[in-house]
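*Asks:* Here you go, sequence then predicted model.
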Amino acid sequence: MPTDQLKDVNWLVKENIVPYNNAYCNFILNVAPNRDGLMDNNALEALRQIGSMWKNEGPTQPIPECDAPIVTTNIAKHQPTEYSWSYDCMIGDFANNDDFTDSWESHPLVQQPWWEVTLDSKKPFQRITILEQQAGAIQEYRLEYLNKGKWTTLFEGPAAPGRLKQHTFPAIKAE
C-alpha cells in the first residue's frame with residue numbers, strides 16, 4: 001500500500017543483503033505491483049535508497065566444492081541396533097531414527113564405544129553419513145560391514161573436521 005511503513009532500508013542492507021551475499025545467498029526484496037500493475041512510490045523510493053547504499057563488489061569468495069546431496073532413502077532408519085553402554089538417556093536407537101534432535105552418546109567410561117545396525121535384508125548402499133551432535137566429539141573411528149559372515153573394513157582413521165563425516169564408495173551389499 002502506498003501509505004504502509006516499510007522496513008528500514010539501512011537495516012535491510014546491513015543485516016540482510018550484505019550478510020546473505022557473503023553466504024552465497026540471494027535476498028529477495030518482496031515488492032509486488034499494486035492493482036494498477038505498478039509499484040507504489042514508497043516501495044520505489046526504498047528500492048532507490050537500497051540501490052544507492054549497497055554496492056555490489058562481486059562475489060566475496062568462490063563457492064566451495066561440496067559432496068553431492070543425499071537423495072537416497074536411509075536404509076538404516078528404525079532398523080534394530082546394538083551398541084556399547086549409552087550415556088544417560090542417549091540410547092543407540094537415536095542414531096538411526098532420522099530425528100536430528102536426537103543422538104546416541106556412549107558412556108564416558110566406555111574405552112572403545114561401538115554401534116551396530118542390522119539391516120533387514122541385503123540392500124546395496126554406497127554412502128555412510130555420520131553427523132555429530134558437537135564437532136570434535138569423535139576423534140577417530142572404524143566403519144565395517146558384514147557380508148556372508150565376514151567383517152570388512154571400509155574406513156579406519158582420524159575423524160575429519162566438522163560435524164559431518166561422509167564416506168562414499170562403490171555400492172556394496174551387507175547385513
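*Replies:* It's in.

*Asks:* Mind checking what secondary structure the residue of the chain positioned farthest from its centre has?
*Replies:* Taking Cα atoms, centre = their mean, the residue of the chain most remote from its mean C-alpha position is D36, at 43.2 Å. On the three-state scheme (DSSP: H, G, I helix; E, B strand; the rest coil), D36 is labelled coil.

*Asks:* quick one: it and P2, what's the gap?
*Replies:* Between D36 and P2 the distance is 11 Å, computed by Cβ to Cβ, to the nearest Å. Where you see a C-beta, it was placed from the backbone N, CA and C, and this is true even at glycine.

*Asks:* Now stretch 95-111: buried residues?
*Replies:* Along stretch 95-111, these residues count as buried under the neighbour rule (16 or more other Cβ atoms under 10 Å): A95, N96, N97, S103, W104, E105, S106.

*Asks:* Mind telling me the two of those residues farthest from one another?
*Replies:* N97 and S106 (16.9 Å; Cβ to Cβ).

*Asks:* re earlier: between the buried residues of stretch 95-111, which is nearest V9?
*Replies:* Of all the buried residues of stretch 95-111, the one with the least separation from V9 (Cβ to Cβ) is S103, at 42.6 Å.

*Asks:* which residues touch that closest one?
*Replies:* S103 makes contact with M90, F94, A95, E132, Q133, according to Cβ atoms under 8 Å, 6 or more residues apart in numbering.

*Asks:* Go ahead and build a ChimeraX selection from the buried members of those.
*Replies:* Filtering those down to the buried ones (16+ other Cβ under 10 Å) takes a single ChimeraX command:
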select :90,94,95
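
*Asks:* Closest to W151 out of the contacts of S103?
*Replies:* Of the contacts of S103, the one sitting nearest to W151 (Cβ to Cβ) turns out to be A95, at 19.2 Å.
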